[in-house]
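Novice: fold the following and give me the result.
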Amino acid sequence: MGTRLLRGVAVLAGFGIGCAVGVWLVLWVGLRSTAVRVADVRGMEKLQAVAVLQESGLLAKVQEDVFDATVPVGRIARQRPGPGLEVKRGSVVRLYPSQGSEVRRVGNLVGLPTSLAEAELEEAGLHVGRTCRIEGQAAAAVVVAQSPPAGAAVAPGGAVDLLVNTVPQRSRFVMPDFVGIDEAIASRVIRALGFRLTARQEVRYVGVRPGIVLRQDPPAGGPVMEAETVALWVSR
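Specialist: Residues are numbered from 1 along each chain as shown. Below you'll find the predicted structure:
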């Protein structure tokens, strides 16, 4: 009696396992019959990539362009799912066309102090290259020229060369004529124009009252710069 019962249980168990295996095989075969291997469409033109995927029973959806220096502009740079994967027939494959190498636009740095110009470049993912310095080409210590120019496209991390004015530009004047006027008046005019009176020499001159300018350097009518030094010879 016991032996018959054990045999019956064994038969039922075998039948159950067989049914489970059979169901699994049916499902596996069904899935395999609807599975499609994703083709590699990277490097293809968009229309060609879409056609290849549709021929294999898949749908294609073109997504936003991505930067890729290795793939020509307009061709497929990436795809999701990737090539070689098996997916269900009718699945969507997302395509990402290339827009070429990533670039940065150079801002207008002319007129900016060097510290601010450096900050602008850093924010744009660029950096200062060579820096040349000149004097007297602007009213302040600022950038007076740049290369590449504003609006140029450069690769990320690229360098921008700067020409920087280090000494503010001085005003240019025509030297007034101080000869024959009172020294006190001449001194006030000299200071008002931003000149520096650095030398004063008294000279005896018959017939001229004391304190009158007899000679000056630089001479009258010549070009002079702001903060120029002036020397006067005064009667005593």
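Novice: from Val66, how far off is the closest residue to Thr166 other than its chain neighbours?
Specialist: Among residues not flanking Thr166 along the chain, Arg133 sits closest, at 4.8 Å (Cβ to Cβ, 6 or more residues apart in numbering). For the C-beta atoms, the positions are set from N, CA and C on the backbone; glycine is no exception. Applying Cβ to Cβ, to the nearest Å, the value for Arg133 to Val66 is 41 Å.
Novice: between the two, which has more neighbouring residues?
Specialist: Per other Cβ atoms under 10 Å, whichever of Arg133 and Val66 has more neighbours is Val66, with 15 against 12.
Novice: any idea how far that one is from Leu214?
Specialist: From Val66 to Leu214 the distance is 81 Å (Cβ to Cβ).
Novice: all the helices of this protein, residue numbers only.
Specialist: Under the criterion DSSP state H, the chain contains helices at 2-34, 46-55, 114-123, 183-192.
Novice: among the ones you listed, which gets the worst mean confidence?
Specialist: Per-segment mean pLDDT for the helices of the chain reaches its minimum on helix 2-34, at a mean of 50.
Novice: roughly how far does the residue nearest the centre of the chain sit from Ala152?
Specialist: Centroid-nearest residue in the chain: Ala124, 3.1 Å away (criterion: Cα atoms, centre = their mean). Noted for Ala124: a distance of 12 Å to Ala152, by Cβ to Cβ.
Novice: overlap in contacts, the two.
Specialist: Common contacts of Ala124 and Ala152, defined by Cβ atoms under 8 Å, 6 or more residues apart in numbering, comprise 105-106.
Novice: residues contacting Gly57?
Specialist: Here Gly57 is in contact with 36, 89-90 (Cβ under 8 Å, 6+ apart).
Novice: just the closest of the residues you listed to Val62, please.
Specialist: Closest to Val62 out of the contacts of Gly57 is Gly90 (17.6 Å), distances taken as Cβ to Cβ.
Novice: number of nearby residues for the closest one?
Specialist: For Gly90, the neighbour count with other Cβ under 10 Å is 10.
Novice: with Arg200 instead?
Specialist: By other Cβ under 10 Å, the residues close to Arg200 number 13.
Novice: correct me, but Glu226 touches Ala192?
Specialist: No: look at Glu226 against Ala192 with Cβ atoms under 8 Å: they stay out of range, at 11.6 Å.
Novice: if anything else comes up later, I'll come back, but that's it for now.
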